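Asker: Got a sequence here, can you build the structure:
(4 chains)
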2 protein chains.
Amino acid sequence: MTSPYSLNWENSSDERHDVNLRERKKRRTRDALLRAALELFATRGYEETTVDDIAAAVDVSQRTFFRYFAGKEETAFFVPRLAEALVVDAVRARPPHEAPLEALRRAVLESWDTINEAVEEHVPIELHLRVYRVIESTPALLAAHLRRAAELEEQLAGIIAEREGLDVDADPRPRIVVALFGGVIRVTERLWSAGDDLTIEGMRELTATYLDQVGPALAGNWRAGQSP
Amino acid sequence: MTSPYSLNWENSSDERHDVNLRERKKRRTRDALLRAALELFATRGYEETTVDDIAAAVDVSQRTFFRYFAGKEETAFFVPRLAEALVVDAVRARPPHEAPLEALRRAVLESWDTINEAVEEHVPIELHLRVYRVIESTPALLAAHLRRAAELEEQLAGIIAEREGLDVDADPRPRIVVALFGGVIRVTERLWSAGDDLTIEGMRELTATYLDQVGPALAGNWRAGQSP
DNA sequence: TGTCAATTGTCAGTGGCTGTCATTAGCCTC
DNA sequence: GAGGCTAATGACAGCCACTGACAATTGACA
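Answerer: Below you'll find the predicted structure:
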C-alpha cells in the first residue's frame, strides 16, 4: 500500500491474479468447491447436500469451505451474480433516447448473449441451468433469489431514473416500470424452469415473447379483444 | 372421525375451540409465545433473538416453542399471513365487471380496513407495525417476505384469470398484471416502512396514491410531460 | 376415581456457521 | 538454498435453529 509499487499494483492487480502458485491454487480450490457444490445440488438437491459433503468432495476441511464462501447459499448464486452484473452494465450502456422499457428489454436480451463466456470460465453453464431448477423449487433458495431480484430492481430503478433525469425517491414511475419489467422476467423464469427447453436460447426466446406481451396485457378489457 | 358425533364436531369445531381448559391453555401459550417473539424482535432485533429467549420469556421449553411454530420465522409472519388471507377473500368478492387492476386495487384498500380486528384478537397491531420494519431490514426475513408475496401473486393471478375466463398457463396477461400490481404494493411497503407514519391509515393512503400512478407511469415518454 | 390421550420437558443429535490456535506451505530476501 | 515472514489450512470447541425419541405430567371423560 505504501510501497513505491502500490500504484502499479492497483492497476495491474488483474494480471498478477494468477501468476503465483498461491493464487492459482486458491482459484482452483474455489472453482472446485463451486463445481462440487453445484453438481451435488443438481443431483441430490440443495437441502440434501451438507457443507461437509461439498468439502469432502474437494478434500478440504469444512472450515476451508467457509473461508471461500460466506455460506452454502452463496455457491448456488454464483452464476446469477455474474448475470446480474452483466445486466446492470448493459442497461447503463443503452443509448439514452430509448424509452425505459425498451432499454431494459434490449439490455436483458443482449446480456443473455454474453453470459456464456463469462460463466464458462468458472463452471459449465449446463451445470448452472440444472441448478436453476433447484433454486426455483427449493423454498429457501427461491426466497433468496427473489431478494436478490429485488435488489437488482432497486439498482435498475436508480439507473432508469438517472437516464430520465428524475429523482427515484420523489417520482414513483421508475420503480414502477422496473417492477413491471422484473415481474415479467420472473414469470418467464418460472415458465422456463418448469418447461423442458433448458437452454439459454430457450430462455431468450421466452423473454422476448413475454416482454412483447406487456403492452397488450395492460390495454383495455381483455374479454372484448381476441386471444393473445 | 367415525364416532356418531363426527359431523357435529366438524361443523361446530369453531365453537368448541375455546371451551375446554386444554384448548384455552394452548391458545394462551401460543399467543404468549407470539407476543413475546414479536416484542423481542421489535426491541432487540430478529437475529439477536434466540428461540431460547422467546421460550424463556413465556417460561416453556424450547421444544414446546417448536410444537407451536414451525420455526422462528413463522412468528414474524403471523400477521402478514392473516392479511394475505383477507386480501384473497376480498379479491374473490369483487364484482366481476371490474377490470383486473381495479378489482385488485379496491380489494386491497378494503382489506386494510378489516385487518385491525382480525389481528387484535391475537396481538396488538401496533406491535406488528414495529415488527414490520424489522422484516424489511432483516435480509432473511425480507427474503421470506418476498417469497410469500410471490405465492400470493400466484394465487391472485389464478383468481384474476378465472374472473376473465382465461387459462393462467396459456395467457400471460393475468400474471403480468398481478406482477405489476404486486410491484406497486412492494414499492409502497418499502416507502412506508422507511418513513415515520407507521399507521394503517398511512399505509392505506400511500397505497391509494401509488396505485393511481400506475397509469401515468406506463404512458408515453416521461420527459415531455409534466411532473407527476 | 381411574383410565386414556394429549401436552410438555428432557436429552441427544444434526447441520450451518464462527472464533481460535497451531500447523503447513508458498514467497521473498540474503 | 536456508531461514524468516505471511497467508492458507486443519482441528477443535462452541452457538443456534431444529428434530426425534422417550418419559413425566396433566386435562378429559367415562
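Asker: Chain A: strands as residue ranges?
Answerer: Read by DSSP state E, chain A holds no strands at all.
Asker: give me the low-pLDDT residue ranges for it?
Answerer: Filtered on pLDDT under 70, chain A yields the residue ranges A:1-18, A:219-228.
Asker: okay, now the domains of it?
Answerer: Under automatic domain parsing, the residue ranges defining each domain of chain A are A:16-71, A:77-217.
Asker: Nearest to residue B:147, out of these?
Answerer: domain A:77-217 (3.9 Å; C-beta to C-beta). C-beta here means a position set from N, CA and C on the backbone, and glycine is covered the same way.
Asker: Now do the closest one: distance from first to last residue.
Answerer: Criterion C-alpha to C-alpha, to the nearest Å; first-to-last residue distance in domain A:77-217 is 31 Å.
Asker: How far away from the center of its chain is that domain?
Answerer: Domain A:77-217 sits 7 Å away from the centroid of its parent chain (C-alpha atoms, centre = their mean, to the nearest Å).
Asker: Please see if it touches DNA strand D.
Answerer: No: for domain A:77-217 and DNA strand D, the contact criterion (C-beta under 7 Å from any atom of the strand) is not met; the two come no nearer than 9.9 Å.
Asker: ok, and does that domain reach over to chain B?
Answerer: Yes: Domain A:77-217 lies within reach of chain B by C-beta under 8 Å from any C-beta of the partner chain, at A:99-100, A:139, A:142-144, A:146-147, A:149-150, A:164-166, A:171-173, A:175-180, A:182-184, A:186-187, A:210, A:213-214, A:216-217.
Asker: rewinding a little: out of the domains of chain A, which is the most enclosed?
Answerer: Burial of those is given as mean neighbour count (mean count of other C-beta atoms under 10 Å in any protein chain shown); domain A:77-217 ranks first at a mean of 18.
Asker: okay, which residue is most central for chain A?
Answerer: residue A:80 (2.5 Å; C-alpha atoms, centre = their mean).
Asker: Which of the residues of domain A:77-217 next to chain B fall in helices?
Answerer: Using DSSP state H, the subset of the residues of domain A:77-217 next to chain B located in helices is A:100, A:139, A:142-144, A:146-147, A:149-150, A:164, A:173, A:175-180, A:182-184, A:186-187, A:210, A:213-214, A:216-217.
Asker: Now the phi/psi pair for residue A:168, please.
Answerer: When read as degrees, to the nearest 10, the backbone of residue A:168 gives phi -50, psi -40.
Asker: Next up, the contacts around it.
Answerer: Listed by C-beta atoms under 8 Å, 6 or more residues apart in numbering or on different chains, the contact partners of residue A:168 are A:157-158, A:161, A:174-175.
Asker: and stretch A:44-60, how far from the chain's centre?
Answerer: For stretch A:44-60 - counting by C-alpha atoms, centre = their mean - the centre lies 23 Å from the chain centre.
Asker: show me the contacts for the closest residue to residue A:92 other than its chain neighbours.
Answerer: For residue A:92, ignoring the flanking residues on the chain, the nearest one in space by C-beta to C-beta, 6 or more residues apart in numbering or on different chains is residue A:159 at 6.1 Å. Contact partners of residue A:159, counting by C-beta under 8 Å, 6+ apart, are A:88, A:91-92.
Asker: same thing but at 10 Å, please
Answerer: A:88, A:91-92, A:94, A:100, A:103-104, A:107, A:168, A:174, A:178 (C-beta atoms under 10 Å, 6 or more residues apart in numbering or on different chains).
Asker: next one: residue A:132
Answerer: Residues near residue A:132 by C-beta under 10 Å, 6+ apart: A:42, A:76, A:79-80, A:141, A:145, A:189, A:192-193, A:198, A:203.
Asker: hmm, try it at 6 Å
Answerer: residue A:193 (C-beta atoms under 6 Å, 6 or more residues apart in numbering or on different chains).
Asker: distance of it from residue A:46?
Answerer: Distance of residue A:132 to residue A:46, computed by C-beta to C-beta, to the nearest Å: 12 Å.
Asker: got it, and residue A:169?
Answerer: 37 Å.
Asker: next one: residue A:22
Answerer: Distance of residue A:22 to residue A:46, computed by C-beta to C-beta: 32 Å.
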